[in-house]
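Undergrad: here are the coordinates; sequence isn't available:
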């Protein structure tokens, strides 16, 4: 479905080597890294703002903890020179960071992609919408993993992903896909 | 499962007449209002802090909009004299309110109940955990409604509720039930 964007910032969340740790279990959207790469290429070619959220876990057992290779960005999502890297220690990229200030200063819409859909993406996008930012999610540029609920029922990554996006859509953000988002960029360049 | 609490505040979210609007569709936890009443009785009898979040919708079509009966608290969740009422206009009770300041000043844990699980409860509890508050959810004191995802799949309220609580548990909060929470109160009175 065609969407309209206004000078959107692209915010890539937690796409670090740690997300490939086998302990996460099965994931969905095997293609999401390529989608993120396409989004980055499109944003850079239009000279629109790109920001990278880096999760610096304080959990000694986490592969996201700083000081290990897991904390480094995946090659496909490596920040280019001049693109801000915003470190966070909680799920939401708005807590303990200057992300809200940066987005207010930039003034346009914001498009999110990254991991995992129902955790840092959802926590960040809920806050983005509630803080008043016109927010979008590239559904195919996000992924998550299987989840067992408190009744012991196993939910497949694809199901967890679908319900997480349903929670976000039209309440906190517009959930779209990378093709429609990239198609909207040429018309989105006016301030 | 037994839990330990320390001088917890009880925060009841959005339990207003508007939640009975037929447009919401089928819900789960038909007993949740009685659970909330039990929680309120227990908190008041132990003279622990109670706060009421009131959703003042800015949507002209919402039953939660101020100036109609839907905006009033349900009788079973009516604030008692001296209990603060905190008005919000977004999903998260921490956005545009002094809830975080109040909880910091009180210093203890925080227990949440109310509606709807995957929207204002989840948005609020995610922020509560990320802001550093030791947070608990009374699972049987919350409810939600059926939800159709972006692929057209209908999820029953009970399923939406279960996955929402699974997202919160051990990542943002401890999800428990009212009986275990109330049982923990006598030992929770020390400062």
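TA: Arrived safely. Treat the numbers as computed from the prediction; the structure is a model and nothing was measured.
Undergrad: Parallel or antiparallel, which strands does the strand of greatest length in chain A pair with?
TA: The longest strand of chain A (DSSP state E) is strand A:135-143. Pairing partners of strand A:135-143, with direction, according to DSSP bridges: strand A:110-115 (parallel), strand A:174-176 (parallel).
Undergrad: immediately after the first one, which helix or strand?
TA: Spelled out, it's strand A:110-115. The C-terminal neighbour of strand A:110-115 among helices and strands, as given by DSSP states H and E, is helix A:122-130.
Undergrad: Tell me what angle that next one forms with strand A:135-143.
TA: Going by axes from the mean of the first three to the mean of the last three C-alpha atoms, to 10 degrees, helix A:122-130 is angled at 170 degrees with respect to strand A:135-143.
Undergrad: Would you check how far apart residue A:154 and chain B are?
TA: 11 Å (C-beta to the nearest C-beta, to the nearest Å). Glycine gets a C-beta too; all of them are placed from N, C-alpha and C.
Undergrad: just how off-centre is the lengthiest helix in chain A within its chain?
TA: Using DSSP state H, we find that the single longest helix of chain A is helix A:32-45. Its chain's C-alpha centre and that of helix A:32-45 lie 12 Å apart, by C-alpha atoms, centre = their mean, to the nearest Å.
Undergrad: and what of stretch A:66-78?
TA: Counting by C-alpha atoms, centre = their mean, stretch A:66-78 comes out at 15 Å from the chain centroid.
Undergrad: Next: stretch A:124-134.
TA: Here stretch A:124-134 is found 13 Å from its chain centre; the criterion is C-alpha atoms, centre = their mean.
Undergrad: Need the outlier residue of chain A, farthest from its centre.
TA: Farthest-out residue of chain A from its mean C-alpha position, per C-alpha atoms, centre = their mean: residue A:151, at 28.8 Å.
Undergrad: Let me see the ranges of the strands in chain A.
TA: Under DSSP E, chain A gives strands at A:9-13, A:50-55, A:85-88, A:110-115, A:135-143, A:147-148, A:154-155, A:174-176.
Undergrad: Any idea how far the longest strand of chain A is from the middle of the chain?
TA: Distance, centroid of strand A:135-143 to centroid of chain: 7 Å (C-alpha atoms, centre = their mean).
Undergrad: Show me the contact partners of that strand.
TA: By C-beta atoms under 8 Å, 6 or more residues apart in numbering or on different chains, the list of residues contacting strand A:135-143 from outside reads A:3, A:5, A:8, A:27-32, A:35-36, A:39, A:109-117, A:121, A:125, A:128-129, A:157, A:161, A:165, A:168, A:172-178, A:181, B:150.
Undergrad: Give me the angle between that strand and strand A:9-13.
TA: Angle of strand A:135-143 versus strand A:9-13, following the same axes, to 10 degrees, is 40 degrees.
Undergrad: so residue A:9 sits right up against residue A:48, yeah?
TA: Yes: under the criterion of C-beta atoms under 8 Å, residue A:9 makes contact with residue A:48 at 7.0 Å.
Undergrad: Give me the pLDDT for the residue farthest from the centre of chain A.
TA: Looking at residue A:151, its pLDDT stands at 96.
Undergrad: what's the answer for the one 4 residues further on, then?
TA: Per-residue pLDDT puts residue A:155 at 98.
Undergrad: can you tell me how far it sits from residue A:144?
TA: 10 Å (C-beta to C-beta, to the nearest Å).
Undergrad: which one of the two has more residues nearby?
TA: residue A:144 (28 against 21; other C-beta atoms under 10 Å in any protein chain shown).
Undergrad: Please name the residues that touch that one.
TA: Residues near residue A:144 by C-beta under 8 Å, 6+ apart: A:27-28, A:115-119, A:157, A:160-161, A:164.
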